[in-house]
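A.B. asks: pasting the sequence and the predicted model now:
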Amino acid sequence: MTSILFTKLERIEALLHAPTTLSQPNKRWHSAFVTIYCSRTLLSLFTDSLPEKKNAKVSRSPSFIIVDLEPNRSFKLDQTSLTELVKEKHIDSLQNIGGVHGVASSLETDVELGIHGDVEDIARRRHAFGSNTYKRPPTQSIFHFVVEALKDLTIVILLGCAALSLAFGIKENGINEGWYDGGSIFLAVFLVIAVSAISNFRQNRQFDKLSKVGNNIQVDVVRAGRHKHISVFEIVVGDVIWLKIGDQVPADGLFLDGHSLQVDESSMTGESDPADINCSHPFLVSGTKVVDGYARMLVTSVGINTTWGKMMTSISRDTSEQTPLQARLNKLTSSIGKVGLAVAFLVLVVLLVRYFTGNTEDENGNREFNGSKTKVDDIVNSVVGIVAAAVTIVVVAIPEGLPLAVTLTLAYSMKRMMGDHAMVRKLSACETMGSATTICTDKTGTLTLNQMKVIRFWLGKESFAEGVYTSIAPHIIRLVHEGVALNTTGSVYRPTSESGIEFSGSPTEKAILSWAVLEQNMEMKQLKQSCTILTVEAFNSQKKRSGVLVRRNEDQTTHVHWKGAAEMILKMCSSYYDASGITKEMDDDEKIKFEQIIQGMAASSLRCIAFAHKQVSEAENEDDNAHRKLEEDGLTLLGLVGLKDPCRPGVKKAVEDCQHAGVNIKMITGDNVFTATAIATECGILRPGHEVSGGAVVEGVEFRNYTPEERLEKVDKICVMARSSPFDKLLMVQCLKQKGHVVAVTGDGTNDAPALKEADIGLSMGIQGTEVAKESSDIVILDDNFASVATVLRWGRCVYNNIQKFIQFQLTVNVAALAINFVAAVSAGEVPLTAVQLLWVNLIMDTLGALALATEQPTKELMEKPPVGRTDPLITNTMWRNLLAQALYQLVILLTLQFRGETIFGVTEKVNDTLIFNIFVLCQVFNEFNARKIEKKNVFEGIHRNKLFLGIIGITIVLQVVMVEFLKKFADTERLNWLQWGACIGVAVLSWPLGWIVKCIPVPQRPFFSYLNLKKH
């Protein structure tokens, strides 16, 4: 009884000393629980002392909930200790808690099998240590974009004019009638601001969403003994993560095991030299990048608790990036704005002079200004009206819709490109891709499926069919198995269930492992246990090989195993094994025979990998440090494997499309000349009959050894570069750019980063690409498919084409509006289009017009034209022809109505002004159809596929009817009858046949402005 009492009291004491860091609601739960628990304990003490009642069969369900007051009680280390451990990098502090294995034990992690990884385990770790996410700075609200829109000087002036007009109108005509003019301008201005702000806000949200997708990288973890690919956001403290060259360290942690691991910490420390990470310096910091070797790491801190997380929380994304096209458009806008400003100033001067000289009359035919007889209020009111008209001309003249059109086009194309397996990281790449003249592409995974399978095995000079390996000597099989199992970054997982064996690693590693395990019954786990790995030389794209030095535990003999590109390994061999296990010398003649075997496999589009072996004597093995150099000569060739990687379906069509569009395709690969030539011919990059001697196919070393002049001379002819290094790729890009090409480059490795950065458009691979490659690129090809590269090219041209369509449409409106107002003001002393009407036109062409024309999808004819040059003018001769013809037509019609409209239609001045406004708007609506096709005569082709365009045209027409028929006071219009509406539509529809006729007029190729020796826009 006493022991029970003490136990119960100890529990009560533990409860009373619960953590004080609980939140307010948790404190209330804690108090409630303590009260209930104490009451039950005291009651149980009382009931325990009473005699038991016989046959008591009372069954009660528990009326309480167990509250876990210390969720991280099972972890011996808290978050603060773990964070400080990696931050301070004190090896002594690590040793005091039992080293890396001690930390793993404290975090309940099995260093071999990882964490359990079930739902409960993950939830517990997240609760104790947080998730691998960090709070980003809040996105800009819609209010921010409203304020930005209000910063426009013309908008501010218009609001000032509206305020004055409102004040004088109310004073003169009372509140019921006097608010119309000023209120209408206010409403129109706020409508323009609202549409602009909402549009910019939506695009900002769109870019934020794409940014989140870009940050969601995949990580290789071990959970419950199984390799898994999970999102970086799903990592928890205690996870065991595999790191390889090119990976970004996804969280803070400690080095468990691995070889030759070097990490670039420049993003965190500023140090340019890579840091060696090993058992004596095991600290890994999130955000750093692996530049060499491979390793497994134990995660100790995630999210906001890491240095990277704290840094990223305070960094906001810069959305003000200006693309080259936007910069060119800003120059164009500025030039047009200056012309508009000059016209507006002239109109202002003319109207003021006409007013103060008594040449203007009111609606009743009375002079508006009669010297000193005119009231000051009337003078100010009239002057405000004149200023408002002039300012409105500036608003219409400045094509503010151009930047909006670019933003809309880029945002729309970015969203659609995501659906076409391309994620844009840099906005300018969208438009630059439209000008690409050369694409340098990888072979593996881009032109091919990257689904490797071993289909041929040579041992000595004998070829073995799949599954027939019984005639091979057992000790040779063991050496092959050691070469496969110990010299790999891949792994094999045998689940306990009936599901198949799982292989992880690169496609090449997986293919070789599955061949050895499934066809030769290799036991990888037993092999790893029977040998000790002493040194590893990790694979790199320069040497194209990897090596390992191992000691067999049974006899303590030491062996070197090499694996890599067949011709590279062959050069290191002086002998070879035959099937019976006999070692034979390899003289020059024998070497030639092996080279012929390799060439035969390569000509069949096979990737050829060789295995070599050498037993190292004890004398050679005396140096027992971790960085000893592996034997590189006097090796014995173990065998050759041929891996088939079939071409992707549709890749030949994509290559042909690009070539038809005037874009050269060059294949740059690490494979040998014969494999590269076979694949290039299969894909259509190389035409049958192209010889190596013709200069179409070169090796990297040959290209490297050319003089700079020779390289520039031959670079255009090269279609395939085999056995190339990343440096050769960079050299190729530099040469092409020197010759004036716009170059797009695909890359997936860390070493491809310089070429991706150097290229005009860097295209990294989403599946096989390393994080370093992705960060260096402009666009990520999510499915690693060359067909997606061709799609990106089509979208790039579409962006440029859509912006040109909008420029043509908007400049037509600008020229017509400026001309009609200027001529009418100078000749008649009045402006036919009021401030509100001009603002409405501005809204139609700036926002609705941009939305309609910016969302046209790519068409086949885009790939039938040559690439657009970097310096080609934005406004082509064809565009000038189209827009000047339409503007001239509108000008003639509107001026005729201005001076003869009342007579022609037999209407009042007010109705005539309404007809002018209505025809002007409808002309723009019908001209939007003409703008859809800059060169083609059939402007309706494919229109049924663009529902948004048809919807916007419909909305615009409906709103125009409302403006004319129902908003008389607001728009200063009069209702029109059916005949008048028919006349307006008839005049506007004539722009279609006019557009067709105009497109029959040929124009010179040379830009118009070059004749005037003016600067091109």
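C.D. replies: The structure has been received and is ready for your questions.
A.B. asks: let me see the contact set for the nearest residue to L107 once chain neighbours are set aside.
C.D. replies: Distance criterion C-beta to C-beta, 6 or more residues apart in numbering; nearest residue to L107, sequence neighbours excluded, is G238 at 4.0 Å. All C-beta spots, glycine's among them, are computed from the backbone N, C-alpha and C. For G238, the contact set (C-beta atoms under 8 Å, 6 or more residues apart in numbering) comprises A104, L107, E108, T109, I115, R125, L298, V299.
A.B. asks: got it, and M452?
C.D. replies: Counting by C-beta under 8 Å, 6+ apart, M452 has contacts P507, T508, K510, A511, R607, L643, K644, D645.
A.B. asks: skip the chain neighbours and tell me the closest residue to the fifth one.
C.D. replies: Right, the one you point to is R607. Nearest non-adjacent residue to R607 (C-beta to C-beta, 6+ apart): L643, at 4.5 Å.
A.B. asks: which strands or helices does the helix or strand that contains the one you found pack on?
C.D. replies: For L643, the enclosing helix or strand under DSSP states H and E is strand 635-644. Helices and strands touching strand 635-644, by 3 or more C-beta pairs under 8 Å, 6 or more residues apart in numbering; DSSP states H and E, are strand 453-459, helix 474-485, helix 507-514, helix 566-571, strand 573-577, helix 588-603, strand 606-616.
A.B. asks: closest one to V550 among those?
C.D. replies: helix 474-485 (6.9 Å; C-beta to C-beta).
A.B. asks: got the buried residues for the closest one?
C.D. replies: Under the neighbour-count criterion of 16 or more other C-beta atoms under 10 Å, helix 474-485 has I476, I477, L479, V480, H481, E482, G483, V484, A485 buried.
A.B. asks: so which of the residues you listed is the closest to R551?
C.D. replies: Of all those, the one with the least separation from R551 (C-beta to C-beta) is E482, at 11.4 Å.
A.B. asks: quick check, the closest one in contact with H561.
C.D. replies: Yes: contact criterion C-beta atoms under 8 Å: E482 and H561 qualify, at 6.1 Å.
A.B. asks: overlap in contacts, these two.
C.D. replies: Residues touching both E482 and H561 by C-beta under 8 Å, 6+ apart: V550, H613.
A.B. asks: can you give me the strands for the stretch 401-550 of the chain?
C.D. replies: Per DSSP state E, counting those that start in this stretch, the stretch 401-550 of the chain carries strands over the ranges 422-424, 438-441, 453-459, 462-464, 491-493, 502-504, 531-540, 545-552.
A.B. asks: want to throw the ones you listed into JSON lines with distance to D872?
C.D. replies: JSON lines is the format used below for the strands of the stretch 401-550 of the chain (distance: least, C-beta to C-beta, whole Å):
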{"stretch": "strand 422-424", "distance to D872": "23"}
{"stretch": "strand 438-441", "distance to D872": "17"}
{"stretch": "strand 453-459", "distance to D872": "47"}
{"stretch": "strand 462-464", "distance to D872": "57"}
{"stretch": "strand 491-493", "distance to D872": "53"}
{"stretch": "strand 502-504", "distance to D872": "49"}
{"stretch": "strand 531-540", "distance to D872": "42"}
{"stretch": "strand 545-552", "distance to D872": "47"}
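A.B. asks: following element in sequence after the longest helix along the chain, please.
C.D. replies: Identified as the longest helix of the chain according to DSSP state H is helix 786-828. Next helix or strand after helix 786-828 toward the C-terminus (DSSP H and E): helix 835-843.
A.B. asks: packing partners of that following helix?
C.D. replies: So helix 835-843, by 3+ C-beta pairs under 8 Å, 6+ apart, packs with helix 153-178, helix 180-215, helix 376-397, helix 786-828, helix 909-932, helix 968-971.
A.B. asks: including mean pLDDT and mean neighbour count, could the ones you listed go into a markdown table?
C.D. replies: Listed next are these as a markdown table, based on pLDDT from 0 to 100; neighbours: other C-beta atoms under 10 Å:
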| stretch | mean pLDDT | mean neighbour count |
| --- | --- | --- |
| helix 153-178 | 70 | 16 |
| helix 180-215 | 71 | 18 |
| helix 376-397 | 72 | 21 |
| helix 786-828 | 84 | 23 |
| helix 909-932 | 89 | 23 |
| helix 968-971 | 73 | 17 |
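A.B. asks: which of these sits closest to N521?
C.D. replies: It's helix 786-828; of the helices and strands packed on helix 835-843, that one is closest to N521 (C-beta to C-beta) at 37.7 Å.
A.B. asks: ok, the residue nearest to R607 to G98 distance?
C.D. replies: 44 Å (C-beta to C-beta, to the nearest Å).
A.B. asks: okay, those two: which has more neighbours?
C.D. replies: L643 (21 against 13; other C-beta atoms under 10 Å).
A.B. asks: the inter-axis angle of the strand holding L643 versus helix 474-485?
C.D. replies: If you take axes from the mean of the first three to the mean of the last three C-alpha atoms, to 10 degrees, strand 635-644 sits at 60 degrees to helix 474-485.
A.B. asks: beyond strand 635-644, next helix or strand please.
C.D. replies: Per DSSP H and E, the first helix or strand lying C-terminal to strand 635-644 is helix 651-660.
A.B. asks: what lies in contact with the helix or strand following that following helix?
C.D. replies: Remark: after helix 651-660, the chain's next helix or strand is strand 664-668, criterion DSSP H and E. Applying C-beta under 8 Å, 6+ apart, the set of residues contacting strand 664-668 from outside is 437-443, 447, 655, 658-659, 676, 679-680, 683, 685-686, 716, 718-721, 724, 728-729, 732, 741.
A.B. asks: repeat for stretch 264-283
C.D. replies: Stretch 264-283 is contacted from outside by 85-86, 89, 91, 94, 100, 254-255, 258, 261-263, 284-285, 287-292, 295, 307-308, 626, using C-beta under 8 Å, 6+ apart.
A.B. asks: can you list the buried residues in that stretch?
C.D. replies: In terms of neighbour count (16+ other C-beta under 10 Å), stretch 264-283 has its buried residues at D264, E265, M268, P274, A275, I277, N278, P282, F283.
A.B. asks: that older thread, to S471, which of the helices and strands packed on helix 835-843 lies closest?
C.D. replies: Comparing the helices and strands packed on helix 835-843 under C-beta to C-beta, the one sitting nearest is helix 786-828, at 41.8 Å.
A.B. asks: how big is the angle separating the closest one from strand 664-668?
C.D. replies: Per the same axes, to 10 degrees, the angle that helix 786-828 makes with strand 664-668 is 140 degrees.
A.B. asks: on contacts alone, who are the packing partners of the host helix or strand of H144?
C.D. replies: Applying DSSP H and E as the criterion places H144 in helix 142-150. Applying 3+ C-beta pairs under 8 Å, 6+ apart, we find helix 142-150 packed against helix 180-215.
A.B. asks: which segments of this protein make up each domain?
C.D. replies: Taking the TED database as the criterion, the chain consists of the domains 1-48, 79-132+235-314, 324-412+794-1011, 423-449+648-784, 453-492+503-617+633-644.
A.B. asks: please consider this matter closed, and thank you.
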